[in-house]
Each structure stands twice: as structure tokens, then as C-alpha cells.
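Asker: here is the input, now give the coordinates:
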Amino acid sequence: MSVDRAEPAQQLPVSVERVRTKMPRVILEGTLFREHALRENVPDGGCWWFSGSGEGRFDLEEPMGTCYLGETAGVAVRERCGRLIAMGVPITEAMYQGRVVSDVTVPRRAAVADVTATASLAAGVTGELSAVSAYALSQAWAQACFSAGFDGLKYAPRFTPGGGEAAYALFGAAGARSEFGIVRRRALNEVLEDLGYPTVRSDELSEAVLDVEDASR
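Answerer: This next block holds a predicted model:
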């Protein structure tokens, strides 16, 4: 059989039963992190939002949705700013103004499908699942995991190479869940500076940085 290695290997899930029986699972524990726009008028600042819009990689269909979290603060901020970091330019004010990183704890015991584990290959997962640009494919896997009884997925974040830090897609009813609360909130630019990523104010921008920012957005 001839195989075109340039073509994606990741396929749709074969069946919910295969996902249920073959997919490895882990329990979410400890502190997780979410980068988001700050909404001053709600108790959690807008942190707990479960997207059912189809715009996220692992969005479930409404009335369910998916909330995206990082295992570390670095994972969370790189999902927003990773393109600029990879380009080697400072992160501009338009990217960080009005945005925060919230520390949270998962409000319930959650068993998630671990698509970072080698054993997930038996369920039909390849490493492409966490990076494929065709979101309909990754969303089909999210739906299969939800139907198989998983509370979410552990996956490889797009802008954090190395395999040492993970991202999580947690399933829940679509919309805001501010009652889940947060542990701590910090301004995004402060977290970026703590991590050693340079930032720049609007009055310091060069035309070159502006062009790169426009491309990244």
C-alpha cells in the first residue's frame, strides 16, 4: 500500500466504544491556569467560560461546551502570545491590555482522556490531533470522548514544545460558570514579564513590530 507521508495520518474516531475502552485517562488535580479577557462585572472575572461556538479546537456542540486550561501559567499565556514569541518580537500592548491569568482548581473530580499518552494510539490518536488545523476533526474526537464518559481531554499545547507541560479541555454546560471561582488573578503582562517574555507599550512600538502583530492576529 502506498502512503503519502505528507498527508495527515489522524483520522476520525472509529467508535465511541473504542474510545471508551482504549483511551487512557488521568484525574485532574492541583492548580490550573486560564488566560482570558477580564470582565470586572462578574465574580470570576470571566474566567470560567465553556465554548460551544465551534471556534475552539475541542469545542463540544451546544448545549455543551469546553473550557481551555493550562497545566502551567506559561502554557496559558503562550496560547495567546506564542506566535509573537516564536517570531522573536516583544508582545505588544494590544495583546495583553485588559487580559489576565487566573489560577483555578477544578470544581469537581474530573477524569480526562489523555491524548498525550503513547497508549492513546490504540484508541486511534496520533500526535497530529493537538495541532491539526481542521478543527472539525479534533472536535469530533472531543465529542467521542464526551460520549464515552470522559470529562475532558489532556492534550499537547500548540505553542509549548518539549512535552513537559500539558493543556486541558474541560467539558461542561455551555456558557459562563462564574460560581466555580478562582484562586488568584494576575495581569497578563505581569505574568509575561515574570516568565522572561519581553513586552512593549504602544508608545514604544516600531512599524516592524506593528506589522508582525497584524500578521499574528
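Asker: from here on, contacts and neighbour counts on C-alpha atoms
Answerer: Fine.
Asker: now the helices: where do they sit in this protein?
Answerer: 16-22, 73-87, 93-96, 135-147, 188-194, 207-216 (DSSP state H).
Asker: let's see stretch 16-29 as CSV, backbone CA atoms only.
Answerer: Output of stretch 16-29 as CSV, limited to C-alpha atoms (Å, rounded to 0.1, in the frame of the first residue of the first chain):
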residue,chain,number,x,y,z
VAL,A,16,-17.3,5.6,20.9
GLU,A,17,-16.7,2.1,22.3
ARG,A,18,-13.1,2.1,21.1
VAL,A,19,-12.5,5.4,22.7
ARG,A,20,-14.2,4.2,26.0
THR,A,21,-12.1,1.0,26.2
LYS,A,22,-8.8,2.0,24.7
MET,A,23,-8.2,5.7,25.7
PRO,A,24,-6.0,6.2,28.8
ARG,A,25,-7.4,8.6,31.4
VAL,A,26,-6.0,10.8,34.1
ILE,A,27,-7.6,12.7,37.0
LEU,A,28,-7.2,16.5,37.1
GLU,A,29,-5.6,17.6,40.3
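Asker: how far off centre is that stretch?
Answerer: 19 Å (Cα atoms, centre = their mean, to the nearest Å).
Asker: what is the mean pLDDT for that stretch?
Answerer: Stretch 16-29 shows a mean pLDDT of 97.
Asker: find the residue at the geometric middle of the chain.
Answerer: Computing the C-alpha centroid of the chain and ranking residues by Cα atoms, centre = their mean puts Tyr68 first, at 4.3 Å.
Asker: is the closest residue to that one other than its chain neighbours in a bridge, and if so with what?
Answerer: The shortest distance from Tyr68 to any non-neighbouring residue, by Cα to Cα, 6 or more residues apart in numbering, is to Ala169 (4.7 Å). When bridges are called by DSSP bridges, Ala169 pairs up with Tyr68, Leu153.
Asker: contacts only, for Ala169.
Answerer: The contact partners of Ala169, by Cα atoms under 8 Å, 6 or more residues apart in numbering, come to Phe58, Thr66, Cys67, Tyr68, Leu69, Gly152, Leu153, Lys154, Tyr155.
Asker: so what's the residue nearest to the centre of the chain scoring on pLDDT?
Answerer: At Tyr68, the pLDDT value in this model is 98.
Asker: is it true that it touches Phe171?
Answerer: No. Under the criterion of Cα atoms under 8 Å, Tyr68 makes no contact with Phe171, lying 9.1 Å away.
Asker: burial of Ser202, as a residue count?
Answerer: When counting by other Cα atoms under 10 Å, one arrives at 10 neighbours for Ser202.
Asker: what does the pLDDT read for the closest residue to it other than its chain neighbours?
Answerer: The shortest distance from Ser202 to any residue other than its chain neighbours is 5.8 Å, reached at Glu93 (Cα to Cα, 6+ apart). Glu93 carries a pLDDT score of 92 in this model.
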